[in-house]
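> got a predicted model here, sequence first, then my questions.
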Amino acid sequence: MIETNNLTKNFEKLCAVDNLNLKIENEIFGLLGPNGAGKSTSVLMLTTLLKPSSGEARVCGYDVIKDAKKVRDAISYVPQGMAVDIKLTGYENVMLYAKLYGVPDRKRKVDEVIGLLGLNERKDEPVKNYSGGMRRRLELAQALVHEPEVLFLDEPTLGLDVAGRRQIWEHISSLKKKGMTIFMTTHYMDEADEFCDRVAIIDKGRIAAMDSPAKLKNMIGKNVITANVKGEFKGLNIDGIKFLSSENGELKFKVENGSEALPVLSEALTKQGLNVHALSLREPSMDDVFMQNVSTTDDKTKFDSTKFRTMLRGMK
Amino acid sequence: MNGVLYFIERDLTKWTRSKISVIASLVMPAAWLIFVGLALPVKFNNTNYINYITPGILVMTMLFASLAGGSLLIFDKMLGFLNKFLALPTPRESILFGKILFITFRGIIQSTIILILALVLGVKIYSLTSIFLIYLVLFIFGILFSSISTTIALVVDDHDGYAAVNSMISMPLFFTSSALMPYELMPSWLRILASLNPVSYAIDTARALFAGNIPLNGILELIVITVVVLVISVYTFRRATV
């Protein structure tokens, strides 16, 4: 459904997306990465909103440059801004898209998607009375009104409360079951772990890892030990213990056998002159996968004010 | 074409639901008409000042309405609507044409209210043809300046930038036009500015229509300028969106 071949985007000196190669079938595909890693740029290129510098991308068999209009016919795109008209009613918001898409028998179709997303009771209210979760569902309704083959979602659960997120994910999962391909970006590792069939971690425009969440976690090892320490960590060389990351005095190690490694690790760290406050053992999470594959945790990108607005609006 | 209508419908519904902006946009031209037009004790071209100033105020209504309209596109851009619309199979230019036509249409509605007010205050119009042609001039002028304002909106980054550009050009355009006094009475430097100002073209043409003449040249000039600006606007839009 989506195929890219060395897709690249340069902004003057910065290479935002560097030779991206993807092959995505009917699945929920999550693109993860730190801010500024190239997630949104990739989505913009695939949705024909940004011209690639080099390489090619095909969506539903159509080239995103040469057949841009056919691509737009086959997809829906929900950006992260929560762009719904608050002075219009929910029904009017969806109807606008039905008209713009040229949906046949649109009254029936609009009612159908509004019902599907559970907005029927309040469809004639102005959207300014809607919660963040309802606005997101309304955006999904707008996107679904023309039955796209591929749905692009840019951080669909940003700024939503737990219940709101759950609902969005239930809808996304059921869409995939109906045969839709879903390409999304997210910052929430737990959500990617639970709902995505496959994820790619993108760092500085390059794919650092790509597979199912389960396989990616397996690559980390059976267990992860987190050690809270004081002092400078100088590195370790013990069989079966591999250093993963260090952040604010929190060291992470992947280990083969957790319960055996705990005392060994504790002793080794103390020997280095480190003051060990706490040690904990757990199974690896997507957070660990992410931290291992991303080169820096320092967010050097400019703060994106649109994102902040989205969060504020979600809270209202 | 259908896309254009749907985009206009969207903006129109949103506009009519915010009553304050409908009323607020009428206050300034009405104030000019009443507090300047009725109050200033001067006569130009052998008529009362209000007769002289009415064509200028109608064009000003259109000018300010058009320039204010650019913020619609700015907000669509800032809030993510533009990207959503651009990802639709609807021809992309219909977003631009929808905006230009809506802004012009809104200006026409405002001008109509000002025109009615002027008639109530005693301003005379010669014939139905004059009325029709006055509307035609206002329409072309509206297309001209809403093309300019949407083009500016495409180029600047945010609403503050747009508001700054808007306030920078709107008042000077009005004061350096022939809205307030005849060319003969202007100081020579202002006369040069006024005769170059496209706002004057519209005002002079409208003024001739109020006087019962039919200035075909003026209308043609306006059409030519508008077509040129519209082409630039479409070109900028295409460059900004792909």
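Right, received. Where do you want to start? Numbers count the residues shown, from 1 in each chain, chains lettered A, B, ... in the order given.
> quick one, phi psi at the closest residue to residue A:101 other than its chain neighbours?
In this structure, residue A:101 finds its nearest non-sequential neighbour in residue A:146, 3.8 Å apart by C-beta to C-beta, 6 or more residues apart in numbering or on different chains. Bear in mind the C-beta positions are built from the backbone N, C-alpha and C, glycine included. Phi and psi for residue A:146, reported as degrees, to the nearest 10, are phi -110, psi 20.
> then the one 5 residues further on?
For residue A:151, the backbone dihedrals are phi -110, psi 120 (criterion: degrees, to the nearest 10).
> now swap in residue A:178 and tell me
Listed backbone geometry of residue A:178 is phi -80, psi 0, with angles given as degrees, to the nearest 10.
> would you agree the residue nearest to residue A:101 is in contact with residue A:103?
Yes - with contact defined as C-beta atoms under 8 Å, residue A:146 and residue A:103 form a contacting pair (5.3 Å).
> could you measure from the residue nearest to residue A:101 over to residue A:94?
With distances taken as C-beta to C-beta, to the nearest Å, residue A:146 is found 11 Å from residue A:94.
> swap in residue A:46?
In this view, residue A:46 and residue A:94 are 24 Å apart by C-beta to C-beta.
> near chain B, which residues of the stretch 101-250 of chain A show up?
Taking C-beta under 8 Å from any C-beta of the partner chain as the contact definition, the stretch 101-250 of chain A meets chain B at A:101, A:102, A:126, A:142, A:152.
> would you turn those into TSV with pLDDT?
Putting those into TSV (pLDDT from 0 to 100) gives the following:
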residue	pLDDT
A:101	93
A:102	91
A:126	94
A:142	93
A:152	94
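> in chain A, which residue sits nearest chain B?
With distances taken as C-beta to the nearest C-beta, chain A approaches chain B most closely at residue A:81, which sits 2.7 Å away.
> that residue belongs to a helix?
No - secondary structure of residue A:81, determined by DSSP: H, G, I helix; E, B strand; the rest coil: coil, with no helix assignment.
> so where is the stretch 151-300 of chain A shaky, pLDDT-wise?
Applying pLDDT under 70 to the predicted model, the residue ranges of the stretch 151-300 of chain A that meet it are A:296-300.
> quick one, strands of it?
Under the criterion DSSP state E, counting those that start in this stretch, the stretch 151-300 of chain A carries strands at the ranges A:181-186, A:198-203, A:206-211, A:223-230, A:241-247, A:250-255, A:275-282.
> with chain B instead?
Using DSSP state E, the strands of chain B run over residues B:43-44, B:47-48.
> pLDDT below threshold where in chain B?
Applying pLDDT under 70 to chain B flags the ranges B:1, B:242.
> close to chain A, is the longest helix seen in it?
Using DSSP state H to define each element, chain B has its longest helix at helix B:49-78. Yes - Helix B:49-78 lies in contact with chain A when judged by C-beta under 8 Å from any C-beta; the contacting residues are residue B:78.
> next to chain A, which bits of chain B? Give me the list.
Where proximity means C-beta under 8 Å from any C-beta, the interface of chain B facing chain A comprises B:2-3, B:6, B:9-10, B:13-14, B:17-18, B:78-81, B:83-90, B:241-242.
> OK, contacts around residue B:158?
Under the criterion of C-beta atoms under 8 Å, 6 or more residues apart in numbering or on different chains, the contact list for residue B:158 reads B:74, B:78.
> ok, the residue of chain A closest to chain B touching residue B:79?
Yes - in terms of C-beta under 8 Å, residue A:81 counts as a neighbour of residue B:79; the distance is 5.7 Å.
> just the closest residue of chain B to chain A, please.
When you check chain B against chain A by C-beta to the nearest C-beta, the closest residue turns out to be residue B:80, at 2.7 Å.
> report pLDDT for the residue nearest to that residue when sequence neighbours are not counted.
Leaving aside its sequence neighbours, residue B:80 sits nearest to residue A:81 (C-beta to C-beta, 6+ apart; 2.7 Å). pLDDT, the model's per-residue confidence, is 75 for residue A:81.
> surely residue A:52 touches residue A:42?
No - taking C-beta under 8 Å as the contact criterion, residue A:52 and residue A:42 are not neighbours in contact, 9.7 Å apart.
> ok, the two, which is more surrounded?
Under the criterion of other C-beta atoms under 10 Å in any protein chain shown, the comparison of residue A:52 against residue A:42 puts residue A:42 first, with 29 against 22.
> residue B:213: neighbour count?
Neighbouring residues of residue B:213 were enumerated by other C-beta under 10 Å; the total is 14.
> ok, of the residues of chain B next to chain A, which come out buried?
Burial of the residues of chain B next to chain A was assessed by neighbour count (16 or more other C-beta atoms under 10 Å in any protein chain shown); the buried members are B:3, B:6, B:9-10, B:14, B:78-81, B:83-90, B:241.
> now the longest helix anywhere in chain A, how far from the chain's geometric center?
Secondary structure assigned by DSSP H gives helix A:162-177 as the longest helix of chain A. Shown here is helix A:162-177, whose average C-alpha point lies 14 Å from the average C-alpha point of the whole chain (C-alpha atoms, centre = their mean, to the nearest Å).
> and the contacts of it?
Outside of helix A:162-177, the residues that reach it under the criterion C-beta under 8 Å, 6+ apart are A:26-28, A:116-118, A:131-133, A:136-137, A:140, A:144, A:151, A:153, A:156-157, A:160, A:182, A:184, A:188, A:191, A:194-195, A:197, A:314.
> please repeat the previous calculation with a cut-off of 10 Å.
Counting by C-beta atoms under 10 Å, 6 or more residues apart in numbering or on different chains, helix A:162-177 makes contact with A:26-29, A:116-118, A:131-137, A:139-141, A:143-144, A:148, A:151, A:153, A:156-160, A:180-182, A:184, A:188, A:190-191, A:194-197, A:314, all of which sit outside it.
> in ChimeraX, how would I select just the buried ones from the residues you listed?
Filtering the contacts of helix A:162-177 down to the buried ones (16+ other C-beta under 10 Å) takes a single ChimeraX command:
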select /A:26,27,28,29,116,117,132,133,134,135,136,137,139,140,141,143,144,148,151,153,156,157,158,159,160,180,181,182,184,188,191,195,196,314
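> so which of the contacts of helix A:162-177 are in helices?
Helix and strand membership here follows DSSP H; of these, those in helices are A:116, A:132-137, A:139-141, A:143-144, A:190-191, A:194-195, A:314.
> now stretch A:268-280 - C-alpha only, PDB.
Presented in PDB, the C-alpha positions along stretch A:268-280 are these (Å, rounded to 0.1, in the frame of the first residue of the first chain):
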ATOM      1  CA  ALA A 268      30.500  -4.200  40.100                       C
ATOM      2  CA  LEU A 269      28.900  -0.800  40.300                       C
ATOM      3  CA  THR A 270      29.900  -0.400  43.900                       C
ATOM      4  CA  LYS A 271      33.500  -1.400  43.100                       C
ATOM      5  CA  GLN A 272      33.600   1.500  40.600                       C
ATOM      6  CA  GLY A 273      33.000   3.800  43.500                       C
ATOM      7  CA  LEU A 274      29.400   4.400  42.500                       C
ATOM      8  CA  ASN A 275      26.800   4.900  45.200                       C
ATOM      9  CA  VAL A 276      23.900   2.500  44.300                       C
ATOM     10  CA  HIS A 277      20.600   3.800  45.600                       C
ATOM     11  CA  ALA A 278      18.200   1.300  43.900                       C
ATOM     12  CA  LEU A 279      18.200  -1.500  41.500                       C
ATOM     13  CA  SER A 280      15.100  -2.800  39.700                       C
END
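> may I see the buried residues of it?
Neighbour-count burial for stretch A:268-280, with 16+ other C-beta under 10 Å as criterion, is recorded at A:268, A:269, A:274, A:276, A:279.
> I figured the second one hits residue A:275, correct?
Yes - applying C-beta atoms under 10 Å as the test, residue A:269 and residue A:275 come out as touching, 8.9 Å apart.
> for residue B:77, give me its contacts.
When the contact criterion is C-beta under 10 Å, 6+ apart, the partners of residue B:77 are B:83, B:153, B:154, B:156, B:157, B:158, B:159, B:162, B:240.
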